[in-house]
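Asks: Just to be clear, the model below is a prediction. Sequence and coordinates:
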Amino acid sequence: MDIDLRHLRLVTVVAEQGSVTRASNVLGMAQPALTAQLNRIDTALGGPCFVRDRHGTRPTPLGELVLRHARVLLPAMDAFSEDVRRHVSARTGEATSLRVGTVTTVLGGLFLNRLRSGLGGVALTSYTSWSPDEAATRLRRGTLDLALVGACENDTLPTDGDVEWFRLHTDPVFVLLASEHPLAGQDTVPLGGLAEESWLTAPGDGCFERCFVAACTRAGFAPHEVSEVERASAVEQVRDGHAVALVQPLLLDQPGVVPVALEGEPLSWSQYVGWRRDAVERFDVDVVRAAALGAHAEAVRRTPAYASYLERRDG
């Protein structure tokens with residue numbers, strides 16, 4: 001039987017998520033690749049670990065047996081790896097602290113939590129700005145070690161030969177409406193149906209506002225009022241019916257407001273994590289990538305309206 005810890009982790013994540021689709025997002029794998037891995041695990045064990053039907057993915061009795069052992073073996077192996085990491089870092093000068101920048105993204109807290117767990121023992125200090133260009137400059141100069149950045153899908157992030165960006169996901173931009181808004185009960189709303197509204201967007205130095213105006217023009221109108229505000233202020237103004245807001249759909253669960261998808265997804269927002277190209281000498285960039293991907297997947301799970309939208313859109 002050829003089963004290793006990587007296989008146990010796959011089985012554990014699938015069981016936790018209750019869905020191969022959601023598990024593939026958490027693991028940063030394509031769904032067909034994860035399905036192929038599960039098939040190989042079933043072959044090695046001599047039977048299936050999961051039953052898949054319209055209710056989701058559930059462990060079989062064999063799967064439950066595998067999970068019981070995984071819950072013992074995986075924490076023990078993680079503790080062993082962490083002890084080795086601490087010992088080696090004490091000898092080699094590996095990073096014991098990291099400076100992490102976040103720019104126009106709602107994933108910062110989730111990312112930092114996962115990063116602390118993944119890089120155990122490394123102290124993290126966080127900074128916030130509104131400009132991906134500034135974050136890239138600070139990465140290049142070494143005043144930041146990592147940056148988690150949100151940017152309009154049409155933005156080109158600067159690399160300058162020293163900075164590397166990894167794209168996590170591109171999400172459609174939603175519109176935030178008051179619960180009493182006439183369109184709040186729709187699954188999607190046409191951009192043109194909001195032509196008479198006042199608009200709120202997040203602050204930033206990228207191309208998002210230009211892309212928004214261009215999308216409005218294609219929808220047959222010009223927005224008569226567009227203001228930049230931070231997210232909490234946007235929620236309050238929308239809740240009182242004074243405006244609608246363009247928002248990242250993640251982690252939006254506020255009373256009195258409803259996030260609704262724009263018909264045809266005319267605007268998108270991408271999430272990236274970046275570091276200097278020589279970062280591999282100081283910390284494990286695979287852990288950073290996994291923390292960022294896991295943060296996005298967790299944010300989707302914690303945003304039922306967006307998770308439901310993705311399930312409808314992707315079948």
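Replies: Yep, that arrived.
Asks: And this protein, what are its domain boundaries?
Replies: Following automatic domain parsing, one gets these domains for the chain: 5-89, 95-171+269-307, 173-266.
Asks: ok, and which of the ones you listed has the densest surroundings?
Replies: domain 95-171+269-307 (a mean of 19; mean count of other C-beta atoms under 10 Å). For every residue, glycine as well, the C-beta is placed using N, CA and C.
Asks: Could you point out which of the domains of the chain sits nearest Gly315?
Replies: Across the domains of the chain, Gly315 has its closest neighbour in domain 5-89 (9.7 Å, C-beta to C-beta).
Asks: mean confidence score for that closest one?
Replies: Summarised as a single mean, pLDDT over domain 5-89 is 85.
Asks: The nearest residue to His69 once chain neighbours are set aside and Leu65, how far apart?
Replies: Spatial nearest neighbour of His69, excluding adjacent residues (C-beta to C-beta, 6 or more residues apart in numbering): Leu8 at 7.5 Å. Note on Leu8: its distance to Leu65, by C-beta to C-beta, to the nearest Å, is 12 Å.
Asks: likewise Thr217?
Replies: Thr217 is 60 Å from Leu65, by C-beta to C-beta.
Asks: before we move on, the earlier item: looking at the domains of the chain, which is closest to Arg313?
Replies: domain 173-266 (8.2 Å).
Asks: Distance from the chain centre to that closest one, please.
Replies: Mean C-alpha position of domain 173-266 versus that of the full chain (C-alpha atoms, centre = their mean, to the nearest Å) differs by 21 Å.
Asks: Span of it from start to end?
Replies: Chord length of domain 173-266, first to last residue, is 8 Å (C-alpha to C-alpha, to the nearest Å).
Asks: Also stretch 183-203?
Replies: 26 Å.
Asks: any idea of the mean pLDDT for it?
Replies: Here the average pLDDT along stretch 183-203 is 92.
Asks: cool, stretch 104-114 as well?
Replies: In the prediction, stretch 104-114 has an average pLDDT of 90.
Asks: Can you give the contact residues for that stretch?
Replies: Stretch 104-114 is contacted from outside by 100, 102, 124, 126, 128, 130, 132, 148-151, 202-204, 206, 231, 248, 250-251, 271, 273, 290-292, 294-296, 298-299, using C-beta atoms under 8 Å, 6 or more residues apart in numbering.
Asks: now that stretch, how far from the chain's geometric center?
Replies: Its chain's average C-alpha position is 8 Å from that of stretch 104-114, according to C-alpha atoms, centre = their mean.
Asks: Kindly give the local confidence score, pLDDT, for Glu180.
Replies: 94.
Asks: ok so it is a helix residue?
Replies: No: counting by DSSP: H, G, I helix; E, B strand; the rest coil, Glu180 is not part of a helix but coil.
Asks: tell me which element the closest residue in space to Phe111 that isn't next to it in sequence is part of?
Replies: Distance criterion C-beta to C-beta, 6+ apart; nearest residue to Phe111, sequence neighbours excluded, is Ala295 at 4.1 Å. Assigned by DSSP states H and E, Ala295 belongs to helix 285-301.
Asks: mind saving the C-alpha coords of that helix as PDB?
Replies: Extracted in PDB, the C-alpha atoms of helix 285-301 (Å, rounded to 0.1, in the frame of the first residue of the first chain):
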ATOM      1  CA  VAL A 285       7.300  30.700  -0.500                       C
ATOM      2  CA  ASP A 286       5.200  27.600  -0.900                       C
ATOM      3  CA  VAL A 287       3.900  28.200   2.600                       C
ATOM      4  CA  VAL A 288       3.100  31.800   1.600                       C
ATOM      5  CA  ARG A 289       1.200  30.700  -1.500                       C
ATOM      6  CA  ALA A 290      -0.700  28.100   0.400                       C
ATOM      7  CA  ALA A 291      -1.600  30.600   3.100                       C
ATOM      8  CA  ALA A 292      -2.900  33.100   0.600                       C
ATOM      9  CA  LEU A 293      -4.900  30.500  -1.400                       C
ATOM     10  CA  GLY A 294      -6.300  29.100   1.800                       C
ATOM     11  CA  ALA A 295      -7.300  32.600   2.900                       C
ATOM     12  CA  HIS A 296      -9.200  33.200  -0.300                       C
ATOM     13  CA  ALA A 297     -11.000  29.800  -0.100                       C
ATOM     14  CA  GLU A 298     -11.900  30.500   3.600                       C
ATOM     15  CA  ALA A 299     -13.300  33.900   2.700                       C
ATOM     16  CA  VAL A 300     -15.500  32.300   0.000                       C
ATOM     17  CA  ARG A 301     -16.800  29.700   2.600                       C
END
